[in-house]
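J.: need the 3D shape of this:
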Amino acid sequence: MGSVRLSFTASLLLYIASAGGAAAQEEWTASPVDATSLPSEIASETRLKVLDGLPDGLVAAHAGKGDIVSAWYGAPTTRYGHSILGDAVEAGELIVKSAKGRTFSLVLPPSEVFEDRYPRLADLDGDGTVEVVAIRSSLSFGASVAVYGLRKGTVMELASMPFIGRANRWLNIAGIARFRGRRGRETAYVQAPHIGGTLFLYAFEQGRLSGR
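T.: Residues are numbered from 1 along each chain as shown. As a prediction, this is how the structure comes out:
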């Protein structure tokens, strides 16, 4: 798939959803837009303050149907020290609340953290279950996109991208939507947005993340 290198400002909001679900493009463009004008197919998010998670963490809530209604990060840790989000505190745990009111958690090994303020929730493959999209970072190899879900009575990793390849290299989720008119939603993310930035687009299909 195509990618484009972008320069960002604080006021720039990526708008890469094609009107009417147009076919895949080799190149993507970005332009400033008013947030109130975003198309309806953009995955909606409701975020509330976490009471016992990260100091600046938020709860992601899923407004539609599905097996997961909310998710957030816990187990604050300073073991990474990248401080890309303004402080040295990251998360060591993903917490998920099911539609039945049960709470599940996944704890990362000491060599990794969740390097973000909140996870994203969306039915990525259109099967009626909700996936959790997270930014998972290795202390040695930098960030990656990881997808989690509820399976067999627990929360587990379903798919992930390779780590960027070196420490202190981050990525940011730009949006989750039907960018190319597929059944499910695709995840757009910007790799190393603070040092130039390259936009990538991946679909979650048949249990894996694919750029095609």
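
J.: tell me the bridge partners for the residue lying closest to Arg182 once chain neighbours are set aside.
T.: Distance criterion C-beta to C-beta, 6 or more residues apart in numbering; nearest residue to Arg182, sequence neighbours excluded, is Ala203 at 6.2 Å. For glycine as for every other residue, the C-beta is placed from the backbone atoms N, C-alpha and C. When bridges are called by DSSP bridges, Ala203 pairs up with Glu186, Ser210.

J.: what of Thr103?
T.: Beta-bridge partners, per DSSP bridges, of Thr103: Lys97.

J.: and for it, the neighbour number?
T.: By other C-beta atoms under 10 Å, the residues close to Thr103 number 10.

J.: residues contacting it?
T.: Thr103 sits next to Ile95, Val96, Lys97 when contact means C-beta atoms under 8 Å, 6 or more residues apart in numbering.

J.: same question for Thr77.
T.: Contacts for Thr77 (C-beta under 8 Å, 6+ apart) come out as Val89, Glu90, Ala91, Gly92, Val113.

J.: make it 7 Å
T.: Residues near Thr77 by C-beta atoms under 7 Å, 6 or more residues apart in numbering: Glu90, Gly92, Val113.

J.: make CSV from these and add neighbour count and pLDDT to it.
T.: Output for the contacts of Thr77, formatted as CSV (neighbours: other C-beta atoms under 10 Å; pLDDT from 0 to 100):
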residue, neighbour count, pLDDT
Glu90, 28, 96
Gly92, 19, 97
Val113, 28, 98
